[in-house]
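K.L.:
return a 3D structure for these sequence lines:
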Amino acid sequence: LFIDWRQYPSITDALQWAGWIWRGTAVWDKGNSRPQKGRFRQQAEYIVWGSNGPMPINRPVSCLPGVFRYGNPQNRIHVTEKPLQLMKDVIQICEPGGLILDPFAGAGTTVLAAVVTGYRAVGIEVTDAYYKLGSDRVKIALEAEQKEDEK
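P.N.:
Presented below is the predicted three-dimensional model:
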């Protein structure tokens, strides 16, 4: 879950209330942000993550960084869309071939990153328009990849 500081307490409580194990927090440093006079820049989002079961330390997953530095995507189709490479990096916390849940699928970036890197994924999106945009994006990207593989 990518959040700013305002949702941090409630989302970590909600994650645990739902029966998941809160595993920790990483940071996405966007590098740039809208300046706010007399305030700190809001150039980072927190990545709150958890699991729906055990995650033994002997599973085949490497140690990942606690800070990821990527700028915002240039041609976003969703206001909170994340860079595809960021999501490819973040999901490596899961075991290869594992199942990834994105409860706020938006533009489908997490689902796309999961599928193209060999994971299974489930995305949930409450807004019909974004569900369609995200689904179409994943479908088109996978079709393009398949055509490229056939060459």
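K.L.:
what about the helices in this structure?
P.N.:
Along the chain, the segments classed as helices by DSSP state H run 8-17, 84-90, 109-116, 128-150.
K.L.:
tell me the buried residues in the first one?
P.N.:
Across helix 8-17, burial judged by 16 or more other Cβ atoms under 10 Å covers 11-12, 15. Placement of C-beta: from N, CA and C, glycine included.
K.L.:
next: the shortest one.
P.N.:
Of the residues in helix 84-90, 84, 86-90 count as buried by neighbour count, 16+ other Cβ under 10 Å.
K.L.:
how about residues contacting it?
P.N.:
26, 28, 47, 64, 68, 70, 73, 109-110, 112-114, 116-117 (Cβ atoms under 8 Å, 6 or more residues apart in numbering).
K.L.:
circling back to that earlier point, what is the nearest of the buried residues of helix 84-90 to Arg59?
P.N.:
Val90 (16.3 Å; Cβ to Cβ).
K.L.:
so which of the buried residues of helix 84-90 is the closest to Asp4?
P.N.:
Ranked by distance to Asp4 (Cβ to Cβ), those are led by Leu86 at 15.9 Å.
K.L.:
with distance to Gly53 and mean pLDDT as added columns, please give the helices of the chain in JSON lines.
P.N.:
Converted to JSON lines, the helices of the chain look like this (distance: least, Cβ to Cβ, whole Å; pLDDT from 0 to 100):
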{"stretch": "helix 8-17", "distance to Gly53": "14", "mean pLDDT": "96"}
{"stretch": "helix 84-90", "distance to Gly53": "19", "mean pLDDT": "96"}
{"stretch": "helix 109-116", "distance to Gly53": "18", "mean pLDDT": "95"}
{"stretch": "helix 128-150", "distance to Gly53": "26", "mean pLDDT": "89"}
